[in-house]
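**Q** give me coordinates for this.
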Amino acid sequence: MSSTVAVQLRSRAVKLLFDRSPSAESGDRAETVRSTIAALGLFDPDGTSQAEDGLRYPFAILPTDHDEHTIPLSIREYLKQLTQSANATATSLACGSILAGHASEADEFGDVAFWLGHGDYGSGHELDLLKSLNLESAVPADCRIQELDVSPMTGLPATVNVSSSTDADLLQLRELLHRLSTVRVFCLHGEYSLYILLGHYDAEGHSGWAGLLGLGVQS
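**A** The predicted model follows:
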């Protein structure tokens, strides 16, 4: 039996992948991921009990038209590792989201991976990305896109203050991010600041757009 289960959220054009294995993340790290998904409005107001029934760790967001059974196990495992590693690194560096980093005034929001598959999601197609993940309402219609510099040393945006690149969690995250090409990080400011790391995954004969979502708070 697969340790991954997809939940189609009622009235939402999105699916969530949950880890239901005995070793699934729990506690604070899982809660910060759930807080991000809830703040983005992706949990049904009356449907969270389904997520609580043995499905405590959501690790990836998919467009609803994606059949999760067609996504290879290697990609699902990569997405799970990416979410786990991003949140472990954030914890080790004393921040909530590894994308919002120390620029955020809040630490209750973690990062969650997403998978878009094939499509045109390069620069200039940010709205298409938001629509695919049902996130148009998360930012104002006239929102300005802020591109963020990415450190060549860590692979992380400049929002993160890193004193050493030898942290074990950071090294693992860097290795995972290096599997993505044409990586960019950008931010859209609304009620929350929505941070998106986007790159192209191509490994073991499988390819598609993937990345991380994070939330920050700036006054």
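**Q** what are the phi and psi angles of residue 73?
**A** Per-residue torsions, residue 73: phi -60, psi -40 (degrees, to the nearest 10).
**Q** any idea how far the closest residue to residue 132 other than its chain neighbours lies from residue 208?
**A** Excluding the flanking residues, the one nearest residue 132 by CB to CB, 6 or more residues apart in numbering is residue 63, at 4.6 Å. (Each C-beta comes from the backbone N, C-alpha and C, glycine too.) Going from residue 63 to residue 208 by CB to CB, to the nearest Å gives 11 Å.
**Q** again with residue 113
**A** In terms of CB to CB, residue 113 sits 12 Å off from residue 208.
**Q** go on, residue 119?
**A** From residue 119 to residue 208 the distance is 8 Å (CB to CB).
**Q** neighbour count for the two, which is higher?
**A** The neighbour comparison of residue 119 against residue 208 (other CB atoms under 10 Å) goes to residue 208, with 16 against 13.
**Q** show me where the chain has helices.
**A** 28-39, 48-52, 73-92, 126-132, 168-177 (DSSP state H).
**Q** make TSV from these and add mean pLDDT and mean neighbour count to it.
**A** TSV is the format used below for the helices of the chain (pLDDT from 0 to 100; neighbours: other CB atoms under 10 Å):
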stretch	mean pLDDT	mean neighbour count
helix 28-39	83	19
helix 48-52	45	13
helix 73-92	93	21
helix 126-132	87	18
helix 168-177	92	18
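**Q** show the low-confidence segments of this structure, by residue range.
**A** Scanning the chain for pLDDT under 70 picks out the ranges 1-13, 22-27, 43-56, 163-165, 219.
**Q** what number of residues lie near the closest residue to residue 30 other than its chain neighbours?
**A** Counting by CB to CB, 6+ apart, residue 30 lies nearest to residue 57, which is 4.8 Å off, once chain neighbours are set aside. Residues contacting residue 57 under the criterion other CB under 10 Å number 23.
**Q** how close does residue 57 get to residue 179?
**A** 22 Å.
**Q** which stretch among the helices of the chain comes nearest residue 100?
**A** helix 73-92 (8.9 Å; CB to CB).
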